[in-house]
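> need coordinates for the following:
(2 chains)
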2 protein chains.
Amino acid sequence: MAGPARVSEEGLIARYFAPLAGPGADGLRDDAAILTPAPGHDLVLTADAVVAGIHYFPDDPPASIARKALGVNLSDIAAKGAVPRGFLLTLALPGDWTEDWLAAFAAGLGEAAVEADCPLLGGDTVRSGGPALIGVSMMGEVPSGAIVRRGTARLGDRICVTGTIGDAALGLRMRLEPAAPWVAVLGRAQRAALADRYLHPRPRLAAARAVRHHATAAMDVSDGLAGDLAKMLGSGRSARIDVAAVPLSEAARLACAAAPGLIEAVLTGGDDYEILCTVAPGTLEAFQAEAAAAGIPIAAIGTVTAGDGPPGFAMDDGTARVFAAGAFSHF
Amino acid sequence: MAGPARVSEEGLIARYFAPLAGPGADGLRDDAAILTPAPGHDLVLTADAVVAGIHYFPDDPPASIARKALGVNLSDIAAKGAVPRGFLLTLALPGDWTEDWLAAFAAGLGEAAVEADCPLLGGDTVRSGGPALIGVSMMGEVPSGAIVRRGTARLGDRICVTGTIGDAALGLRMRLEPAAPWVAVLGRAQRAALADRYLHPRPRLAAARAVRHHATAAMDVSDGLAGDLAKMLGSGRSARIDVAAVPLSEAARLACAAAPGLIEAVLTGGDDYEILCTVAPGTLEAFQAEAAAAGIPIAAIGTVTAGDGPPGFAMDDGTARVFAAGAFSHF
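Below you'll find the model as predicted:
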């Protein structure tokens, strides 16, 4: 294996990243790419970075890290009702990077990019002077004016989420406390499922079209359901959430039965990468039907109410709880 | 001053960055922005990051750091013949960041963004776990198909640069070795001019139109004239450069007279952020005239030749020299 000192940035790009380049990227032989939305469409732009030791474990498989860096951005694109078109990569490497690591990272990145039909368009490679940082800027596309915004929920709208909530937070908790009694309750497949949800976001690209057709507001759940819901509602709106309606996986249900306090991790933990959105009550069924046709389950978990307080969560035991906004934040 | 622990990411964004937001950014209250090129135009995308202690000195003024982070990207946009439209910011902060630093950074960023008519469209703020990293992804616009590529120079084309070469490299050298004898030869204004060129890139946005109209290939000079020229030429093309024709500022001319060895720093040092391009011999005058009308001096410094060797530099003393490609790289 060639040592880092013998590989130029140009050489790295040509070897590992040029094969991932999409149309408009000129094989990464230029300092810029071109991208043009289809006629009648807007580009949707987003940027999210992941940092070793903060957003992932430094010894996670490089392909998983690449998948997470791409996935957290794909999730934002999907939540806006958009289709991904391409991305720029800012790769800041620590002093002890190896070419093996980079090769595995690039392979994982390429696989995830092909799956999402979202090619690499360019970027920059630098020394981080500290832990690795992987910054992605992603471009998607929506019909002109059709982006689904975050702050546009209306009073009385039903609040919906895709998939299941809390699995990634429990996967992280399990990784930090593998000897916790609730972990022993789970079967091997259930433990693997939770671990996988933490490691590998599953951006809900298949739900984007239904979200665009029906949602009055949307965002992805990255910093925990309770905190992200509070962000989505902003001021003048609150919510009642029926915790019994929050969709849990079998593994999460078993974990919460064994350790009821875990429901707080489920509701406030991060890294779900599900879509949180609101729809008018009369369109809920049509929304669920269109998403189901695309393979995505949608659960209605509550209602937008008037008020400035944080969302109220009606718990299974009959009590009502609120969670401080921003209970979970990587920053 | 509020301590970092008391400020949420949302609060920071609302206070310091929302005032910089452009149309389509929805006041940075969403996780994504929209951007649409004018009819008949392509978007041009580029990404460059700067890291504390690598691309700038950690104690540089925060406003200067912001200007550099934006400037290195604006320079890429200009070299492609494009007009800037907006940017995404990935701000990775060290553990000891202060709100004073951030306020000054945001103020400098805002000033530079207004000057370039290039608003903030979104981004991400994270902990770096090491030194600060400022990643910018920038979007520009060119008439469809009119992007000026890097690898398209033709044999016999004249090689041109904007402005003057080597000032930033000498500014950096002066900062590292303030007691060097050549520094004492310079007047105060000349020293300040070199220091300023290192600290504050002056992206050649005003030359973009002339480059688009006349250049057969172009890139910006960020890693040194010799290395970047070799990158631009690629394989099958080389160049003869007349070092006497390379435009030097008065300060650089005096420095090189006092210490002739500095010419190597001038030709291979980085951070020029001038535009390097090629034009057909017959269009050189028209190119120079159009750029001059926009206030940008253009010097013809050599010719594209056939061959695979690195560009040959005809020195003032009659010798010919080559410089190893990639003599200077931040990576």
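
> where in chain A is pLDDT low?
A:1-7, A:325-331 (pLDDT under 70).

> leaving out sequence neighbours, find the closest residue to the closest residue to chain B within it.
In chain A, the residue that lies nearest chain B is residue A:130 (1.3 Å; C-beta to the nearest C-beta). Just so you know, the C-beta spots here come from the backbone N, C-alpha and C atoms, and that holds for glycine as well. In space, residue A:130 comes closest to residue B:130 once its chain neighbours are excluded; the distance is 1.3 Å by C-beta to C-beta, 6 or more residues apart in numbering or on different chains.

> can you list the domains in chain A?
Residue ranges for each domain of chain A read A:31-143, A:157-321, as given by the TED database.

> contacting residues for residue A:302?
Contact partners of residue A:302, counting by C-beta atoms under 8 Å, 6 or more residues apart in numbering or on different chains, are A:158, A:159, A:239, A:240, A:241, A:242, A:245, A:311.

> out of the residues you listed, which are inside strands?
A:158, A:159, A:239, A:240, A:241, A:242 (DSSP state E).

> mind giving me the PyMOL command for buried ones among these?
In PyMOL, this line selects whichever of those come out buried by 16 or more other C-beta atoms under 10 Å in any protein chain shown:
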select buried, chain A and resi 158+159+239+240+241+242
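
> mind putting the ones in strands among the contacts of residue A:302 into TSV with distance to chain B?
Output for the ones in strands among the contacts of residue A:302, formatted as TSV (distance: C-beta to the nearest C-beta, whole Å):
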residue	distance to chain B
A:158	21
A:159	17
A:239	18
A:240	23
A:241	20
A:242	26
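
> between the ones in strands among the contacts of residue A:302, which is nearest residue A:134?
residue A:159 (31.8 Å; C-beta to C-beta).

> OK, contacts around the residue nearest the centre of chain A?
By C-alpha atoms, centre = their mean, chain A has its centre lying nearest to residue A:273, at 3.2 Å. Going by C-beta under 8 Å, 6+ apart, residue A:273 touches A:71, A:72, A:75, A:168, A:201, A:202, A:203, A:204, A:220, A:221, A:222.

> does the last one touch residue A:75 like I think?
Yes. With contact defined as C-beta atoms under 8 Å, residue A:222 and residue A:75 form a contacting pair (7.0 Å).

> which SS class is residue A:44?
Counting by DSSP: H, G, I helix; E, B strand; the rest coil, the backbone at residue A:44 sits in strand.

> distance of it from residue A:276?
Applying C-beta to C-beta, to the nearest Å, the value for residue A:44 to residue A:276 is 17 Å.

> skipping adjacent residues, who's closest to residue A:12 in space?
For residue A:12, ignoring the flanking residues on the chain, the nearest one in space by C-beta to C-beta, 6+ apart is residue A:125 at 6.4 Å.

> so when I look at that neighbour, I'm seeing a strand, right?
Yes. Per three-state DSSP, residue A:125 lies within a strand segment.

> ok, residue A:316 - contacts?
Contacts of residue A:316 (C-beta under 8 Å, 6+ apart): A:243, A:244, A:263.

> go again using 6 Å as the cut-off
Going by C-beta atoms under 6 Å, 6 or more residues apart in numbering or on different chains, residue A:316 touches A:243, A:244.

> any idea how far residue A:153 is from residue A:286?
For residue A:153 relative to residue A:286 (C-beta to C-beta), the value is 18 Å.

> between these two, which one's more packed in?
Counting neighbours by other C-beta atoms under 10 Å in any protein chain shown for residue A:153 and for residue A:286 shows that residue A:153 has the greater number, 24 against 14.

> got the residues of the stretch 51-200 of chain A near chain B?
Neighbours of chain B within the stretch 51-200 of chain A, by C-beta under 6 Å from any C-beta of the partner chain: A:51, A:53-54, A:76, A:80, A:88, A:90, A:92, A:121-131, A:133, A:135, A:137, A:147, A:149-151.

> which ones among those map onto helices?
Within those, residues falling in helices by DSSP state H are residue A:76.

> the residues of the stretch 51-200 of chain A next to chain B in strands, which ones?
A:51, A:88, A:90, A:92, A:121-127, A:133, A:135, A:137.

> show me what the nearest residue to residue A:90 once chain neighbours are set aside bridges to in the sheet.
Sequence neighbours aside, residue A:135 is the residue nearest to residue A:90 in space, at 3.7 Å (criterion: C-beta to C-beta, 6+ apart). Under DSSP bridges, the beta-bridge partners of residue A:135 are residue A:49, residue A:90.

> ok, residue A:135 - how many residues close by?
Residue A:135: 31 neighbours (other C-beta under 10 Å).

> next up, the contacts around it.
By C-beta under 6 Å, 6+ apart, the contact set of residue A:135 is A:49, A:90, B:90, B:135.

> any idea how far residue A:168 is from it?
21 Å.

> on that earlier part again, which single one of the ones in strands among the contacts of residue A:302 is nearest to residue A:226?
residue A:241 (8.3 Å).

> I'd like the distance between that closest one and residue A:161.
Residue A:241 sits 10 Å away from residue A:161, taking C-beta to C-beta as the criterion.

> common neighbours of these two, please.
Counting by C-beta under 6 Å, 6+ apart, the residues touching both residue A:241 and residue A:161 are residue A:301.
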